[in-house]
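Engineer: Got a sequence here, can you build the structure:
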Amino acid sequence: MRVFLLLLLVFPVLELFVFVKVAGAIGFFPALLLIIAGSALGLLVMRVAGLATALRARESLQRGELPAEEMFQGMMLAIGGGLLLIPGFLSDIVGLVCLLPFSRHFAARELRARAEAQAARQRAFRDDPAAAQPREGLQRPNVIEGEYERRDQ
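Structural biologist: Below is the predicted model:
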């Protein structure tokens, strides 16, 4: 949490520093136009990516598959578009990296590997026979199995 707070405080200062350096190199108005163009590109990406992700997810559901990959790709596109919307060159660079197909596929592979490892760890603890035994002090609920028939008068 402290890292996030530090990043939240330092990131705007870095963005302003980079903007001043770029504006000093190419001029203020060209730098400002680059920031506006980046925001327009981010808005376009967010609109197109949302619709495309919804269509791909629907096709995947019609085939009877879970649209996890499509949803992750859409999420990465949305994050990239959102970062492009934020004024600043550093956020634009990170947003463009999120939009590149090879970086999205790499992130998807890494996330899938982590999710599979987490699921394996949870299964390992769930299948533990000692965990299946009721703990002392905890009572099992009284369950009476049977069939019934309702007869109204």
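Engineer: what's the least confident helix or strand in the protein, going by average pLDDT?
Structural biologist: Of all the helices and strands that make up the chain, helix 129-132 has the lowest average by mean pLDDT, DSSP states H and E, namely a mean of 52.
Engineer: helix or strand right after the helix ranked longest in the chain?
Structural biologist: Of all the elements of type helix in the chain, the one with the most residues (DSSP state H) is helix 28-62. Scanning forward in sequence from helix 28-62 by DSSP states H and E, the next helix or strand is helix 68-85.
Engineer: Tell me the helices and strands packed up against that following helix.
Structural biologist: Helices and strands touching helix 68-85, as assessed by 3 or more CB pairs under 8 Å, 6 or more residues apart in numbering; DSSP states H and E, comprise helix 28-62, helix 89-99, helix 101-126. To be clear about C-beta, it is placed using only N, CA and C from the backbone, and glycine gets the same treatment.
Engineer: which one of these is the most hemmed in?
Structural biologist: The highest mean neighbour count among these belongs to helix 89-99 (a mean of 19), with neighbours defined as mean count of other CB atoms under 10 Å.
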